[in-house]
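Undergrad: quick one, what's the 3D model for this:
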Amino acid sequence: MKRLIFLLAFALTAGPAVAERIKDIANIDGIRANQLVGYGVVVGLDNTGDTSPLTAQGLSNLMGNLGLTPGQNVSSKNAASVMVTATLPAFAKPGQSLDVTVSALGGAKSLRGGTLLMTPLKGADGQIYAMAQGSLMVGGAGASAGGSSAQINHLSAGRVPAGATVERAVNTRVGQGDFVHLELKEADFTTANRVTEAIERGFGKGVALALDGRLIQVKAPADPGQRVAFLSRLENLSLNPGTPTPRVIINPRTGSIVMNQLVTVEQCAIAHGNLSVTITTEPQVSQPNPLAGGQTVTTQKADVQVKNEKGELVVLPAAASLNEVVKALNAIGATPQDLLAILQAMKASGALKAELEVI
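TA: Reported below is the predicted structural model:
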């Protein structure tokens, strides 16, 4: 495990800063994707659907729309209620195809082999922007018999490639009036100033103005044809962005630790020890003699052992590079889960020179 931490962090070591394009570090204001969602029914399942009231109601409504008059309760384990989601990209036009994700809503065991029936996809404003339908592609597989089962990957969700057709376009304006606005993906005054300088080198003085650490106002041609060519040149301008913030990302659920190349540590001393508790239970059975008329008595005998491993005081030297930081942390002899607490303590003491972010 310790070697894995070293290899992971060493692989993230970056060299000198290189030039990046404006399109890699900023977005144009107003150009964005929109989320779509809808309720649908998947049919054609191999007895792996659900019989929930929601599915019965969905089937009844569907049959009513098709001119059929079903009974009060329509139940079939070959059908399942699902939620369908998709992303409508900027500038999407009617007739364009979208990929959709289908997720089981009820207690369906598997959506493998199913077909999604026509499902309207709505935006946040309640309007229908796309219609989805098609055969599902499920990456998992499973089988069960005689009370035993085996499953690989997830069976309750799948995708329909190009399964939705855009029916309504979202009006997207590239800037308002004489200006367009660039929004940096990460707010930073140094990067905002360098973006402004790069734009003025490419188009002349007075074209760009940094309004704050994230928003940059750029004067653009009013003619739509010229504005598209202008933005094409603009987003491909290169610059050296500001130095990123030293940061350590910690995921307590998985024990993952990732840090960038700017993390440094000051000299400090760390004591690390482990306390483990082991409980072993052994059944004790008292069996009476034959014809004695007694009863068999079963009791439990528990054996509790507490083991405390002594932690040695380890002195970590000051480290200026990611390679040295990783070597110093590995010298403690701690597992990734232990390092979660150690790094937080180092941050609290001021020895870790980085922002600590827990996700």
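Undergrad: identify the bridge partners of Arg247.
TA: Listed by DSSP bridges, the beta-bridge partners for Arg247 are Glu355.
Undergrad: check contacts around it.
TA: Met259, Asn260, Leu262, Val263, Ala354, Glu355, Leu356, Glu357 (C-beta atoms under 8 Å, 6 or more residues apart in numbering). No exception for glycine: its C-beta is placed from N, CA and C like everyone else's.
Undergrad: nearest to Arg227, of these?
TA: Closest approach to Arg227 among these (C-beta to C-beta): Asn260, at 36.7 Å.
Undergrad: could you give the number of residues near that closest one?
TA: 18 (other C-beta atoms under 10 Å).
Undergrad: so it is in contact with Thr243, correct?
TA: No: look at Asn260 against Thr243 with C-beta atoms under 8 Å: they stay out of range, at 10.4 Å.
Undergrad: Pro53: which of the contacts of Arg247 is nearest?
TA: Distances from Pro53 to the contacts of Arg247, taken by C-beta to C-beta, are shortest for Glu357, at 43.4 Å.
Undergrad: ok now stretch 222-236, how far from the chain's centre?
TA: Mean-position distance between stretch 222-236 and its chain equals 33 Å (C-alpha atoms, centre = their mean, to the nearest Å).
Undergrad: nope, stretch 177-190 is what I meant
TA: 26 Å.
Undergrad: which positions within that stretch qualify as buried?
TA: Residues Val180, His181, Leu182, Leu184, Asp188 are the ones in stretch 177-190 that count as buried (16 or more other C-beta atoms under 10 Å).
Undergrad: quickly list what the second one is bridged to.
TA: To tie it back to what came earlier, the one meant is His181. Here His181, judged by DSSP bridges, has bridge partners Gln217.
Undergrad: and it, what is it in contact with?
TA: Counting by C-beta under 8 Å, 6+ apart, His181 has contacts Ile28, Asp29, Gly30, Gly175, Leu215, Ile216, Gln217, Val218.
Undergrad: for the first one, give its distance to Val207.
TA: Computed with C-beta to C-beta, to the nearest Å, the distance linking Ile28 and Val207 is 15 Å.
Undergrad: also the fifth one?
TA: The span separating Leu215 from Val207 equals 15 Å under the rule C-beta to C-beta.
Undergrad: what residues go with each domain of the protein?
TA: The chain breaks down by automatic domain parsing into domains covering 34-137+149-166, 173-239, 247-287+296-358.
Undergrad: of all those, which one comes closest to Glu20?
TA: Of the domains of the chain, nearest to Glu20 by C-beta to C-beta is domain 173-239, at 6.8 Å.
Undergrad: ends of that closest one, what's the gap?
TA: This stretch, domain 173-239, spans 27 Å end to end (C-alpha to C-alpha, to the nearest Å).
Undergrad: for stretch 101-116, same thing?
TA: 11 Å.
Undergrad: name the residues that touch that stretch?
TA: Contacts of stretch 101-116 (C-beta under 8 Å, 6+ apart): 39-46, 48-50, 52, 54-55, 80-86, 100, 132-136, 138, 140-142, 155-160, 163.
Undergrad: how about that stretch: buried residues?
TA: Quick answer for stretch 101-116 (16+ other C-beta under 10 Å): Thr101, Val102, Ala104, Leu105, Gly106, Ala108, Lys109, Ser110, Leu111, Arg112, Gly114, Leu116.
Undergrad: now the fourth one, nearest residue through space, not along the chain?
TA: Going back to what we said before, that points to Leu105. Ser81 (4.2 Å; C-beta to C-beta, 6 or more residues apart in numbering).
Undergrad: residue contacts, the one you found?
TA: With contact set as C-beta under 8 Å, 6+ apart, Ser81 has these partners: Tyr39, Gly40, Val41, Asp50, Ser52, Leu54, Thr55, Gly58, Ala104, Leu105, Gly106, Ala108.
Undergrad: what about it, distance to Ala198?
TA: In terms of C-beta to C-beta, Ser81 sits 52 Å off from Ala198.
Undergrad: same deal with Gly67?
TA: 63 Å.
Undergrad: now the end-to-end length of stretch 67-86.
TA: 29 Å.
Undergrad: off-centre distance for that stretch?
TA: On C-alpha atoms, centre = their mean, the centre of stretch 67-86 falls 31 Å from that of its chain.
Undergrad: tell me the buried residues in it?
TA: Val74, Ala79, Ala80, Ser81, Val82, Val84, Ala86.
Undergrad: who's the fifth one bridged to?
TA: In other words, Val82. In beta-bridge terms (that is, DSSP bridges), Val82 pairs with Gly40, Ala104.
Undergrad: who's in contact with it?
TA: Counting by C-beta under 8 Å, 6+ apart, Val82 has contacts Tyr39, Gly40, Val41, Val42, Val102, Ser103, Ala104, Leu105, Ala108, Leu111, Leu116.
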